[in-house]
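> Test case, fold it:
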Amino acid sequence: MSAETAGSTAKPKIRRGKLPGWIDYGLIPLANLAAAFLVAGLVVLFVGENPIEAVKILIWGALGFGEGIGFTLFYATNFMMTGLAVAVAFHAGLFNIGGEGQAYIGGLGAALAALALDRFVPWWVTFPVALIAAAAFGAAWAFIPGWLQAKRGSHIVITTIMFNFIASAVMVYLLVDHLSPAGSMQPESRTFAAGGTLPKLGWLFGIFGLDIGGAPVNISLFVALAACVLVYVLIWRTKLGYEIRTVGHNPVAAAYAGISPVRITIVAMLISGALAGIMALNPVMGDQHRLQIDFVSGAGFVGIAVALMGRAHPVGVVLASILFGMLYQGGAELAFEIPTISRDMIVVIQGLVILFAGALENMFRPGIGRAYFALSGSRAAPEPGEQA
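Below you'll find the model as predicted:
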């Protein structure tokens, strides 16, 4: 066989092409989720319980009645904000693990606004001030790691993790020594008056004949949904968003095009920190009506899994947030109904979802990609210099 013939019949080396959105944002996350629940089902089976019955109880506890739906959406609100915070940083090529601390400090800003205004003005006056304060405090806490990354090359993962611990220590000091009421032994602020609390959404659920009972879902849900829309517009419909994505894809090319990676790194971290800080409105003003120790309760870390599962897209973040809200609320009902499935096992199930959605995110991608290109008859472009 001649060289020409061999060259004409040899198949070119194919690179992985870009998969359609319904596969990248839909099928692959569903495959990861199915694998996580399959392994979780084996864990449930191992302790002698019926996995199918466990899933039924979990779904019913999360979505089967008004109060369950209310709690699911309350948790989902937290995860939307922290998920968006991580997603914005992702687009800039940054791994912001400091959402926990940024939300913590954001809660300080919201609480200070509520404590200053709650006795003098109605909630709808306090609310925008608290929102701005929470965003500003969260952004300020993210600024230093962002500046260190941009100006000094400090790794953003290390600095944001350490700032979580610093935020925790600062909050303990303030709550114990400065913000707790005189004579109180509890490390918390005083309870806000009516002007510092956010209205619940029981009236909205009542329209649909649902009673949310004691569920604390409140108007922060609308703030989170609005933030999803604004993040979409920012990332995909503005010049700044284009610059953020460009720096995230290739900082060298961005600098060659006149985009400053230093500026974008700092700006992206400010936006990310502000989003994480706004999350504090939901538990501080919408539920607890005071500033307490550890009110974030791990939502900053769950936001990482939410952003990974949602592919850093606002729609995906909303869906992933609802899923984790279901796991939190439905898991509580499951642990109550089936005592042999403890809260620790629910954490294991949540961890499996995070594992398959995050660390093993690319486990099914190669096989699904090959199957798609084989069935569709399409292929990616050959490498430069290769014969098509």
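
> Could I get the contacting residues of Leu281?
Residues counted as contacts of Leu281 (Cβ atoms under 8 Å, 6 or more residues apart in numbering) are 110, 127, 130-131, 134, 198, 220, 223. All C-beta atoms are positioned from the backbone trio N, CA, C, and that covers glycine.

> can you list these in JSON lines and add distance to Gly273 and pLDDT?
Shown next, in JSON lines, are these (distance: Cβ to Cβ, whole Å; pLDDT from 0 to 100):
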{"residue": "Ala110", "distance to Gly273": "14", "pLDDT": "97"}
{"residue": "Phe127", "distance to Gly273": "20", "pLDDT": "97"}
{"residue": "Ala130", "distance to Gly273": "16", "pLDDT": "98"}
{"residue": "Leu131", "distance to Gly273": "14", "pLDDT": "98"}
{"residue": "Ala134", "distance to Gly273": "10", "pLDDT": "98"}
{"residue": "Leu198", "distance to Gly273": "22", "pLDDT": "97"}
{"residue": "Ser220", "distance to Gly273": "18", "pLDDT": "97"}
{"residue": "Val223", "distance to Gly273": "16", "pLDDT": "97"}
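
> In a markdown table, list these along with neighbour count and distance to Gly99.
Formatted as a markdown table, these follow (neighbours: other Cβ atoms under 10 Å; distance: Cβ to Cβ, whole Å):
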| residue | neighbour count | distance to Gly99 |
| --- | --- | --- |
| Ala110 | 31 | 16 |
| Phe127 | 25 | 22 |
| Ala130 | 31 | 19 |
| Leu131 | 22 | 17 |
| Ala134 | 32 | 13 |
| Leu198 | 24 | 21 |
| Ser220 | 29 | 16 |
| Val223 | 21 | 16 |
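
> What is the least confident helix or strand in this protein?
helix 3-9 (a mean of 44; mean pLDDT, DSSP states H and E).

> re earlier: what is the nearest of the contacts of Leu281 to Pro187?
Ala110 (17.4 Å; Cβ to Cβ).

> Quick check: which element contains the residue nearest to the spatial centre of the chain?
Centroid-nearest residue in the chain: Gly83, 1.7 Å away (criterion: Cα atoms, centre = their mean). Using DSSP states H and E, Gly83 sits within helix 66-91.

> quick check: mean pLDDT across that helix?
Average pLDDT, helix 66-91: 97.

> Among the contacts of Leu281, name the ones in helices.
Among the contacts of Leu281, the members found in helices (DSSP state H) are 110, 127, 130-131, 134, 220, 223.

> helix or strand right after the helix or strand where Val317 lies?
Here Val317, judged by DSSP H and E, is contained in helix 314-337. Moving toward the C-terminus from helix 314-337, the first helix or strand encountered (DSSP H and E) is helix 343-354.

> List the buried residues for that following helix?
Of the residues in helix 343-354, 345-346, 349-350, 352-354 count as buried by neighbour count, 16 or more other Cβ atoms under 10 Å.

> Nearest to Ala299, out of those: which one, please.
Nearest member of those to Ala299, counting by Cβ to Cβ, is Gln350, at 12.3 Å.

> about what we covered before: what's the angle from the helix holding Gly83 to helix 314-337?
Angle, helix 66-91 to helix 314-337, by axes from the mean of the first three to the mean of the last three Cα atoms, to 10 degrees: 140 degrees.

> Could you check helix 66-91 and say which residues are buried?
66-91.

> could you measure the closest residue to the residue nearest to the centre of the chain other than its chain neighbours against Glu67, distance?
Leaving aside its sequence neighbours, Gly83 sits nearest to Val306 (Cβ to Cβ, 6 or more residues apart in numbering; 3.3 Å). Val306 sits 23 Å away from Glu67, going by Cβ to Cβ, to the nearest Å.

> Also Glu243?
Taking Cβ to Cβ, one finds Glu243 at 45 Å from Glu67.

> I'd assumed Ile293 was in contact with Glu188.
Yes. The pair Glu188 / Ile293 is scored as a contact, 6.9 Å apart, by Cβ atoms under 8 Å.
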